[in-house]
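K.L.:
with the sequence up front, the predicted model follows.
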Amino acid sequence: MSEVRIAAEPRTEFGKGAARRARRAGKVPAVLYGHGTEPRHITLPGHDLMLALKTPNVLLRVDGVEGAENLVLPKSVQRDPIKGFLEHVDLLVVKKGEKVNVEIAVTLTGEAAPGGIVTQDLVSVEVAAEATHIPEGVELSVEGLEVGTSVTAGELKLPGGVELVTDPEAIVLSVSAPAAEEPAEGEGEEEAAEGEAAEASAE
């Protein structure tokens, strides 16, 4: 897993006003925490951070924070609900060799057997992986799966050294038959009326 270097600056002002000023200057307030150390308040360049976060579970090497471990993993990203810009990021300090719990995407490949409709119940699963070898996701083939088939999280083929944290019995996907089409409104009544008329004429 590649690392992305990003420059940080210590943050000395706090509160909503200070956060707004930082964002107007193109910076994002952030907090470094973990490994029993005191939280470090910093700001990060907004554009660089936005690009880095396009990679799921990206590993960041933060430069410019004296006396702090600088290998971090974004754990909580807050965005403006309307405009979508970054408002705040929590960064977990990690070390090579240690395992961390992260969410990874489940991507479906292939086509189910004819007549089957695939419903994906879980688009991601939680796993424990070595901090510097976090997989971007896991692929699950639905090729040829018949109606009535379901796949659980425990059946996913995870990379070596990656452990499943999600309940292994949780349903990831299921294959069902198409729903039967309901008769158009009044259609059933018309057929019934025609049947009654036919019986009456026969009598």
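P.N.:
Nice, thanks for sending it over.
K.L.:
flag the shaky bits of this protein, pLDDT-wise.
P.N.:
Low-confidence segments of the chain, defined by pLDDT under 70: 1-2, 13-15, 66-69, 180-203.
K.L.:
mind listing the helices for it?
P.N.:
Using DSSP state H, the helices of the chain run over 16-24, 46-52, 187-202.
K.L.:
contacting residues around the second one?
P.N.:
To tie it back to what came earlier, the one meant is helix 46-52. Helix 46-52 is contacted by residues Val4, Ile6, Ala7, Arg23, Gly26, Lys27, Val28, Val58, Leu60, Phe85, Leu86, Val89 when judged by C-beta atoms under 8 Å, 6 or more residues apart in numbering. Quick note: C-beta positions are derived from backbone N, CA and C, even for glycine.
K.L.:
and the fifth one, how far is that from Arg79?
P.N.:
Between Gly26 and Arg79 the distance, using C-beta to C-beta, to the nearest Å, works out to 16 Å.
K.L.:
one more: the second one?
P.N.:
Between Ile6 and Arg79 the computed distance is 18 Å (C-beta to C-beta).
K.L.:
more neighbours, those two?
P.N.:
Comparing Ile6 with Arg79 by other C-beta atoms under 10 Å, the one with more neighbours is Ile6, at 21 against 14.
K.L.:
so how far is Arg61 from the more buried one?
P.N.:
7 Å.
K.L.:
one more: Val106?
P.N.:
The gap separating Val106 from Arg61 is 28 Å, by C-beta to C-beta.
K.L.:
partners of the longest strand seen in the chain in the sheet?
P.N.:
If you go by DSSP state E, the chain has its longest strand at strand 99-109. The partner list of strand 99-109 in its sheet, established with DSSP bridges, is strand 124-130 (antiparallel), strand 137-141 (parallel).
K.L.:
okay if I get those strands as TSV plus mean neighbour count?
P.N.:
Shown next, in TSV, are the strands paired with strand 99-109 (neighbours: other C-beta atoms under 10 Å):
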stretch	mean neighbour count
strand 124-130	18
strand 137-141	15
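K.L.:
Lys99 is nearest to which of those strands?
P.N.:
Nearest to Lys99 among the strands paired with strand 99-109 is strand 124-130; the distance by C-beta to C-beta comes to 4.7 Å.
K.L.:
list the contacts of that closest one.
P.N.:
So strand 124-130 is in contact with 96-106, 135, 137-138, 153, 156, 158, 161-166, 170, 172, going by C-beta under 8 Å, 6+ apart.
K.L.:
can I get that strand in CSV, CA atoms only?
P.N.:
What follows is the C-alpha trace of strand 124-130 in CSV, where atoms were taken according to Å, rounded to 0.1, in the frame of the first residue of the first chain:
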residue,chain,number,x,y,z
SER,A,124,-18.4,-3.1,2.6
VAL,A,125,-17.1,-5.3,5.4
GLU,A,126,-14.9,-4.5,8.4
VAL,A,127,-11.5,-6.3,8.5
ALA,A,128,-8.3,-6.2,10.6
ALA,A,129,-5.3,-5.6,8.4
GLU,A,130,-1.6,-4.6,8.9
